[in-house]
Structures are given as structure tokens and as C-alpha cells.
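Participant: I would like the atomic coordinates for the input below:
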Amino acid sequence: MSTITVDGSVQVKDDNNNTHTIQGSDFDLDHVSTDHDRQQGPELIYEAIYETDDIEVTLSVAEYPEGAYNSHDLTVGKGSLVADQLSISIQSE
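Facilitator: Residues are numbered from 1 along each chain as shown. Predicted structure coming up:
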């Protein structure tokens, strides 16, 4: 497994037009799936959900090839995304 570091922040506006700032360190990523059908080895997917009464944000991070950051995606279930200023790095153990 790898160590994933999430720095920076995300800003989300709730239904009452209040802006919430979520720090990267508030996302506690868990490994949720592995796609073994890739040419450069498995693609590992990690996910974290940050939820309050007013907002819900899901962060998904793809590691591919193994040990390398590939991409991330933010899904806002409650509220709307204002800014994605996350910086993600992956270190192989």
C-alpha cells in the first residue's frame, strides 16, 4: 500500500449560501477498489466522505501506475463546489 497525502483545501457553498472550507487533512482516505485489467499494473481507487449537516463531499483518488498519483475527483452531494485547491501526493511504502 501507499501513503497518500492530501494538502490544500476545498471550498463548498451550502444551500444557505454559506461557504465552508475543508482542509485536505480532513479527508480520511480508504482503499475501495482495484482494477487489475490495466497495462501498467493495478489501478487503486481510494475514497473519503466529508459530511456535516450542511454539506457532503466525496473525494476519490486514483493511484496508477502503483505508487503514482493519477487523478482525483470531487463529488458534492449537498452544496456546490466553489474551489478545488487540493494537492495530492502518493509515496510507495
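Participant: gap between the most far-flung residue of the chain relative to its centre and residue 78?
Facilitator: In the chain, residue 16 marks the outermost C-alpha relative to the chain mean, sitting 24.4 Å out by Cα atoms, centre = their mean. Between residue 16 and residue 78 the computed distance is 11 Å (Cβ to Cβ, to the nearest Å). Glycine gets a C-beta too; all of them are placed from N, C-alpha and C.
Participant: So what sits opposite the spatially most central residue of the chain in the bridge?
Facilitator: Closest to where the C-alpha atoms of the chain average out (Cα atoms, centre = their mean) is residue 59, at 2.8 Å. Counting by DSSP bridges, residue 59 forms beta bridges with residue 48, residue 74.
Participant: What pLDDT is listed against it?
Facilitator: We have a pLDDT of 98 for residue 59.
Participant: Settle this for me: it is touching residue 72, isn't it.
Facilitator: Yes - using Cβ atoms under 8 Å, residue 59 is in contact with residue 72, at 6.4 Å.
Participant: Report the set of residues contacting both of these two.
Facilitator: residue 86 (Cβ atoms under 8 Å, 6 or more residues apart in numbering).
Participant: Now the residue lying closest to residue 24 once chain neighbours are set aside: which helix or strand?
Facilitator: The shortest distance from residue 24 to any residue other than its chain neighbours is 3.6 Å, reached at residue 6 (Cβ to Cβ, 6 or more residues apart in numbering). Assigned by DSSP states H and E, residue 6 falls within strand 2-13.
Participant: what separates residue 15 from residue 23, distance-wise?
Facilitator: Residue 15 sits 22 Å away from residue 23, going by Cβ to Cβ.
Participant: who's in contact with the residue farthest from the centre of the chain?
Facilitator: By Cβ under 8 Å, 6+ apart, residue 16 lies in contact with residue 54.
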